[in-house]
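J.: build me a structure from this.
(chains A and B)
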Amino acid sequence: MVEDYAAVRRLITRTHWFVTLRWVAVVAVAAAITGTQWIFRIRLDVTPLFVLAGILLFYNLVFWAYARRLEARSVERVSLREVNRFANVQISVDLVVLTFLLHFSGGVENPLSLFFIFHMIIASILLSPLASYLQATWAVALYAAMVLAEYASPSLHRPVEGFLPAELYRDGKFVLANIGALGVTLYLTVYFTVSIAKQLRRREAQLMEARDSQEAANQRLAQLEERKSRFMRVAAHQLRAPLGAISSSLKVVLEGYARQDPVKELDMIRRAVARTRSMLDLINDLLTLSRAKEAHLEGGERKRFALREVVERLAALHKPRADEKGIRLEIKARGEQDLVSAEQSAIEDVVGNLLSNAIKYTPKGGSVSVTTYDRDGYVHCDVTDTGIGIPQEELKELFSEFYRATNARSVEREGTGLGLSIVKEIVVRHSGDVSVRSEVNKGSTFTFHLPLAQE
Amino acid sequence: MASAKKNILVIDDDPDVVEALRTILESVGYVVDSASDGDSGLAKMRAKKPDMVILDVMMRKETEGFHVSYVIKNDPTLAKIPILMLTAIGEKTGMKFSPDKDGAYLPVEAFVEKPIEPKDLLARVEKLLPLRG
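T.: Predicted structure coming up:
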């Protein structure tokens, strides 16, 4: 069972506070006895009262030592039950001492039986509601026992002469009325205090929850900022490399280092042009990616269309390239439903991206197939190829921005690494997802799914 | 051996940069060979020692250039070969390549910033590896 360590810690602190409070009570009791006897000159049977104060002092020392030990232990080794028991014991023992103090100072005639209320309040704060009601019952029982014992056996009564009325303890109606009044008061006290404590605890829990969720939100924000800055750094780096190469190639021509060799000069210029192409690709991909991210916020134009149509259209677009490489391209459609509600050009980007990857990374003579089918309220689309595959350990990172699989370079040196992150962005924004299965040198299957649109 | 040709090995994964360097260096009379990554570069160096190495700081991995220069400087058969390192502006990270591992940081003989300024490159190369003598 998972313990709520914060709650345990709180309870330990509160029981320790209770022990501290008892020191004050000891002093108060001693002062009250002294003041009553010698300042107000009301005759008390001081001996038993001081003895009781001594007992109070003594067992508070025991409690204090125990509380110190509890606090010293690491919180995982302390169970809530232990601390609860400690609190319960403290209160129960206090109630006994209070009863005896009252007994030796007039019994039922002593109005300070009100002090039971303090213990009820403390119990309701520290203990469970059930335990609090039980303590209330214990208090009433103790009081009743004392009062009835004095009623039954008058020799037990210790009157406070000249101050409290001496015969009331013999008045049966008075005695019962007091027991009843105390009982009602104590139970009501527990009831009210428990409900107030419950409300306070709930409020406390809400506050902690709010604080936790804000901390989590702040953390997410910090992570997002970090991601953004890393993204910018990598994008800038990716753009700088081709620019350096272009500058070098053109400077060679401009400053005449290949003056004697017009073929070489032409080659340098051709290289520069080729690199501008790859930079353009990167910038286009960056724009597509940010468009994909923003579309969600603007609520791009969505309309209903059949996924099959998009697949067919893109396949036709890519067929020439597949034919060039002798790759067989086939489309399969299973099931009846394939209507989606989406931004058509974005979904075209998705299918186009997956198709072009499949063709690009499949060697001559291979095959690529696209299958659409519906299942569980979604349209699925598998793009399978017999290409170079992706190593298992790279599958997790595959959809990250700028990520290129290590074996991708052998096919295409300059890829932007953004294609799959664009696919993922678009598909996720449409409440779908994309995944991949692959085996190196055997092939890969990319699958994305989108929610079916209602008719 | 007064006018023996001076050999330079260029280690850089960008073929266009390699070609530009080759053209510039050959135009003044150096003999240029190239490798596209650290491992094949080191293999070539061991097979036929060049008179100088031009090394790109960042290839496939972030600090591959420094790793290669570390290997060169710690190999007694290669340590004497001067190294010219190509860096991009702001790539000062990783300069002190594990100073606690080898005491001081590994010096390469010169740094040149990209994009390459051909005249400047030639001047630096000439200082480390004069064409004549």
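
J.: next one: phi and psi at B:Ala110?
T.: phi -160, psi 160 (degrees, to the nearest 10).

J.: just the pLDDT at it, thanks.
T.: Per-residue pLDDT puts B:Ala110 at 85.

J.: isn't it up against B:Leu128?
T.: Yes - B:Ala110 lies in contact with B:Leu128 (CB atoms under 8 Å); the separation is 6.2 Å. From N, CA and C alone the C-beta is placed, and that goes for glycine too.

J.: can you check which residues contact both of the two?
T.: Common contact partners of B:Ala110 and B:Leu128 (CB atoms under 8 Å, 6 or more residues apart in numbering or on different chains): B:82, B:84.

J.: break down the chain into its strands, ranges please.
T.: No chain in the question, so chain A it is. A:303-306, A:328-333, A:339-342, A:367-375, A:378-385, A:433-439, A:443-451 (DSSP state E).

J.: should've been chain B
T.: Ranges of strands within chain B are B:7-11, B:31-35, B:52-56, B:83-88, B:110-114, based on DSSP E.

J.: strand partners (parallel or antiparallel) of the fourth one?
T.: So the one you mean is strand B:83-88. Sheet pairing here is set by DSSP bridges, and for strand B:83-88 it gives strand B:52-56 (parallel), strand B:110-114 (parallel).

J.: out of the ones you listed, deepest packed?
T.: Of all the strands paired with strand B:83-88, strand B:52-56 carries the top mean neighbour count, a mean of 25, counting by mean count of other CB atoms under 10 Å in any protein chain shown.

J.: CA atoms of that strand as PDB?
T.: These are the backbone C-alpha positions of strand B:52-56, laid out as PDB (Å, rounded to 0.1, in the frame of the first residue of the first chain):
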ATOM      1  CA  MET B  52      49.800  17.900 -43.800                       C
ATOM      2  CA  VAL B  53      46.100  17.300 -42.900                       C
ATOM      3  CA  ILE B  54      43.200  19.600 -43.400                       C
ATOM      4  CA  LEU B  55      40.400  18.400 -41.100                       C
ATOM      5  CA  ASP B  56      36.800  19.500 -40.700                       C
END
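
J.: end-to-end on stretch B:112-130?
T.: Its start and end residues considered, stretch B:112-130 measures 17 Å (CA to CA, to the nearest Å).

J.: buried ones in it?
T.: For stretch B:112-130, the neighbour count (16 or more other CB atoms under 10 Å in any protein chain shown) marks B:112, B:114-118, B:121-122, B:124-125, B:128-129 as buried.

J.: just stretch B:37-44 next, same as before
T.: Applying 16+ other CB under 10 Å to stretch B:37-44 flags B:37-38, B:41-42, B:44 as buried.

J.: and which of these is nearest A:Val27?
T.: Of all the buried residues of stretch B:37-44, B:Gly38 has the smallest distance to A:Val27: 80.7 Å, by CB to CB.

J.: which among the strands of chain A is found nearest to chain B?
T.: strand A:433-439 (21.9 Å; CB to the nearest CB).

J.: by mean pLDDT, flag the weakest helix or strand of chain B.
T.: None of the helices or strands of chain B scores lower by mean pLDDT, DSSP states H and E than helix B:99-102, at a mean of 47.

J.: dump the strands of chain A to TSV, plus distance to A:Leu98.
T.: Shown next, in TSV, are the strands of chain A (distance: least, CB to CB, whole Å):
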stretch	distance to A:Leu98
strand A:303-306	78
strand A:328-333	85
strand A:339-342	74
strand A:367-375	72
strand A:378-385	70
strand A:433-439	67
strand A:443-451	69
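
J.: now those strands in a markdown table, with mean neighbour count, distance to chain B and mean pLDDT?
T.: Putting the strands of chain A into a markdown table (neighbours: other CB atoms under 10 Å in any protein chain shown; distance: least, CB to the nearest CB, whole Å; pLDDT from 0 to 100) gives the following:
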| stretch | mean neighbour count | distance to chain B | mean pLDDT |
| --- | --- | --- | --- |
| strand A:303-306 | 14 | 42 | 90 |
| strand A:328-333 | 15 | 32 | 92 |
| strand A:339-342 | 20 | 38 | 89 |
| strand A:367-375 | 19 | 29 | 93 |
| strand A:378-385 | 21 | 25 | 94 |
| strand A:433-439 | 16 | 22 | 94 |
| strand A:443-451 | 21 | 23 | 94 |
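
J.: how close does A:Trp138 sit to chain B?
T.: 69 Å (CB to the nearest CB, to the nearest Å).

J.: contacting residues for that residue?
T.: Contact partners of A:Trp138, counting by CB under 8 Å, 6+ apart, are A:92, A:95.

J.: what of A:Ala342?
T.: A:302-303, A:305, A:430, A:450.

J.: can you do 6 Å?
T.: A:302, A:430 (CB atoms under 6 Å, 6 or more residues apart in numbering or on different chains).

J.: A:Asn353 now?
T.: A:419, A:423 are the contacts of A:Asn353 under CB under 6 Å, 6+ apart.

J.: so what pLDDT did it get?
T.: 92.

J.: what does A:Gln223 give?
T.: Looking at A:Gln223, its pLDDT stands at 89.

J.: where does chain B have low pLDDT?
T.: For chain B, the stretches with pLDDT under 70 are B:1-3, B:61-62, B:89-107, B:133.

J.: need the contact list for the spatially most central residue of it.
T.: Centroid-nearest residue in chain B: B:Ile54, 2.0 Å away (criterion: CA atoms, centre = their mean). Neighbour list for B:Ile54: B:10, B:84 [criterion: CB under 6 Å, 6+ apart].

J.: that one and B:Phe111: what is the separation?
T.: 11 Å (CB to CB, to the nearest Å).

J.: residues in chain A within reach of chain B, list them.
T.: By CB under 6 Å from any CB of the partner chain, the part of chain A that sits against chain B consists of A:244-245, A:247-249, A:251-252, A:255, A:257-258, A:271.

J.: dump those into CSV; add neighbour count as well.
T.: Converted to CSV, the residues of chain A next to chain B look like this (neighbours: other CB atoms under 10 Å in any protein chain shown):
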residue, neighbour count
A:Gly244, 22
A:Ala245, 27
A:Ser247, 19
A:Ser248, 27
A:Ser249, 25
A:Lys251, 20
A:Val252, 28
A:Glu255, 14
A:Tyr257, 23
A:Ala258, 20
A:Arg271, 20
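
J.: now A:Gln337. Nearest residue, chain neighbours left out?
T.: The shortest distance from A:Gln337 to any non-neighbouring residue, by CB to CB, 6 or more residues apart in numbering or on different chains, is to A:Asp374 (4.3 Å).

J.: likewise for B:Arg22?
T.: B:Val32 is the one closest to B:Arg22 (CB to CB, 6+ apart), at 4.5 Å.

J.: what of A:Ala30?
T.: A:Ala53 (5.2 Å).

J.: A:Pro391 now?
T.: A:Val440 (5.6 Å).

J.: correct me, but that neighbour touches A:Ile390?
T.: No - look at A:Val440 against A:Ile390 with CB atoms under 6 Å: they stay out of range, at 7.1 Å.

J.: which other helices and strands does the longest helix anywhere in chain B contact?
T.: Identified as the longest helix of chain B according to DSSP state H is helix B:15-28. Packing partners of helix B:15-28 (3 or more CB pairs under 6 Å, 6 or more residues apart in numbering or on different chains; DSSP states H and E): helix A:172-254, strand B:7-11, strand B:31-35.

J.: right, I'll leave it there.
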